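> Structure, please.
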Amino acid sequence: MGDVLSQNEIDNLLAALNSGDFDAEEMKEGAEKSVKVYDFARPTKFSKEHLRTFEIIFEHYGRLLSTNLPAYFRKNVQVEVMNSEAITYSEFSNALSNPVILGVVGVAPLEGNIIIELADNLGYAIVDRMLGGGGKPLEKSRDFTEVELIIIERIINICTNLLIEPWESVISIEPRLERIETNSQFAQIISPSEMIAIITMNIKIGNVDGLMNVCIPYSTVEDVIDKLNTKYWYASMQVQDEEIYQEMIEHTISKAKIPIKAVLGKSIISVNDFVNIQVGDIIRLDTKTDEELSVYVGNINKFTALPGASSDVYAVRLTSVVREE
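Sure thing, here's the model as predicted:
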């Protein structure tokens, strides 16, 4: 029941209406409130901000896939995030084909599991490629054999381990592939009416492309749902010190192997002498025994050195650095 107006308030209101200060029609329109339809069967648990953050996370994940998987397939791998949406788990499971590749992944310390769904044509292409073929899918789908599932499980294990870095800014997770299912009926990890976020990625291995769907239940990320927004994401991104990056780059480069050679001297001989050369023949060089030699790193002259020996092998001792740009 609304508040009761006093006689003075009534008189003031009538006076305002008579003077034109208030419009009764405008007051009536303002009193009408718009009603927003709410579907209790599909509660809106994931906002657009949450879905956008998922896209950012899995764009990072896609870059890791495209740089790590070529080492196993020996083919170019391209990964692109297509879209993200919030649906019920029943809608996701009903849309699955048969056979299907479902990797049930635990993401401790978060409760519950997430699901990585891989298109069957990608599964056949992966098996063919890992067994030495060209990486072509089958023309007609069939059930996967035990050997094929072991090969696919190895690849999904690699994909699972790559989830750690993209989620680092939200929470430190320890993903672990628990099992692989080829029938959606055996992957009922949550209630059919539970809301999930689906992130769809297109994976292209050579000339074969297919979809990978990552299913994330709301109950799994409920404890960190407040962190799944772009404001928190950018605020929590750690600014790495440039010196740390420089040390990492220097450490990585220091392990690289490069060819190095010391040129004892040069000489010019005829083709006939070269064809008839034999063991014990002497070729006169244009350098003396006490003269410095040129030492090349790759094809670049970087040092000068004197010839000698170390233990029972020939060696050179560096005398100067050639600094030429």
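> Endpoints of stretch 169-187, how far apart?
29 Å (Cα to Cα, to the nearest Å).
> From the rest of the structure, what touches it?
The contact list for stretch 169-187 (Cβ atoms under 8 Å, 6 or more residues apart in numbering) reads 57, 93, 96, 98-110, 113, 115, 143-144, 149, 152-153, 156-157, 160-161, 163-164, 167, 224, 227-228, 233, 236-238. The C-beta positions use only the backbone N, C-alpha and C, and glycine is treated the same way.
> now those: which count as buried?
57, 93, 96, 99-107, 110, 113, 115, 144, 149, 152-153, 156-157, 160, 163, 167, 227-228, 233 (16 or more other Cβ atoms under 10 Å).
> quick one: the residue nearest the centre of the chain and Thr304, what's the gap?
By Cα atoms, centre = their mean, the chain has its centre lying nearest to Tyr61, at 2.1 Å. Tyr61 is 51 Å from Thr304, where distance means Cβ to Cβ, to the nearest Å.
> got it, and Gly280?
Counting by Cβ to Cβ, the gap from Gly280 to Thr304 is 30 Å.
> Ok, Leu149 next?
The gap separating Leu149 from Thr304 is 61 Å, by Cβ to Cβ.
> Same question for Ile196.
Distance of Ile196 to Thr304, computed by Cβ to Cβ: 68 Å.
> Next secondary structure after the helix or strand encompassing Arg52?
If you go by DSSP states H and E, Arg52 is part of helix 48-68. Heading C-terminal from helix 48-68, the first helix or strand you meet, by DSSP H and E, is helix 70-73.
> hey, what's Val295 bridged with?
Ala262, Phe303 (DSSP bridges).
> Contacts only, for it.
For Val295, the contact set (Cβ under 8 Å, 6+ apart) comprises 260-263, 301-305, 316, 318.
> So among the residues you listed, which ones count as buried?
Among the contacts of Val295, those classed as buried by neighbour count (16+ other Cβ under 10 Å) are 262, 303-305, 316.
> can I get these in CSV with pLDDT and distance to Arg74?
Below are the buried ones among the contacts of Val295 laid out as CSV (pLDDT from 0 to 100; distance: Cβ to Cβ, whole Å):
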residue, pLDDT, distance to Arg74
Ala262, 89, 37
Phe303, 90, 38
Thr304, 89, 42
Ala305, 90, 40
Val316, 88, 39
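> Let's have these in JSON lines, adding distance to Phe73.
As requested, the buried ones among the contacts of Val295 are exported to JSON lines (distance: Cβ to Cβ, whole Å):
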{"residue": "Ala262", "distance to Phe73": "41"}
{"residue": "Phe303", "distance to Phe73": "41"}
{"residue": "Thr304", "distance to Phe73": "46"}
{"residue": "Ala305", "distance to Phe73": "45"}
{"residue": "Val316", "distance to Phe73": "44"}
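> Just give me the closest of these to Ile189.
Using Cβ to Cβ, Phe303 comes nearest to Ile189 of these, at 63.0 Å.
> Pretty sure that closest one sits against Arg317.
No: between Phe303 and Arg317 there is no contact under Cβ atoms under 8 Å: 10.1 Å.
> what about the residue lying closest to Lys261 once chain neighbours are set aside, neighbour count?
Among residues not flanking Lys261 along the chain, Tyr296 sits closest, at 5.2 Å (Cβ to Cβ, 6 or more residues apart in numbering). Neighbours of Tyr296 under the rule other Cβ atoms under 10 Å: 16.
> what's near enough to touch Tyr296?
260-263, 302.
> Also Glu117?
96, 100-103, 212-215.
> Now name the helix or strand holding it.
Per DSSP H and E: Glu117 is located in strand 113-118.
> For that strand, list the C-alpha coordinates in PDB.
Taking Å, rounded to 0.1, in the frame of the first residue of the first chain, the C-alpha atoms of strand 113-118 are listed here in PDB:
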ATOM      1  CA  ASN A 113      35.900 -31.100 -14.100                       C
ATOM      2  CA  ILE A 114      36.000 -29.500 -17.500                       C
ATOM      3  CA  ILE A 115      35.600 -31.300 -20.800                       C
ATOM      4  CA  ILE A 116      37.800 -30.900 -23.900                       C
ATOM      5  CA  GLU A 117      35.900 -32.100 -27.000                       C
ATOM      6  CA  LEU A 118      37.900 -32.800 -30.200                       C
END
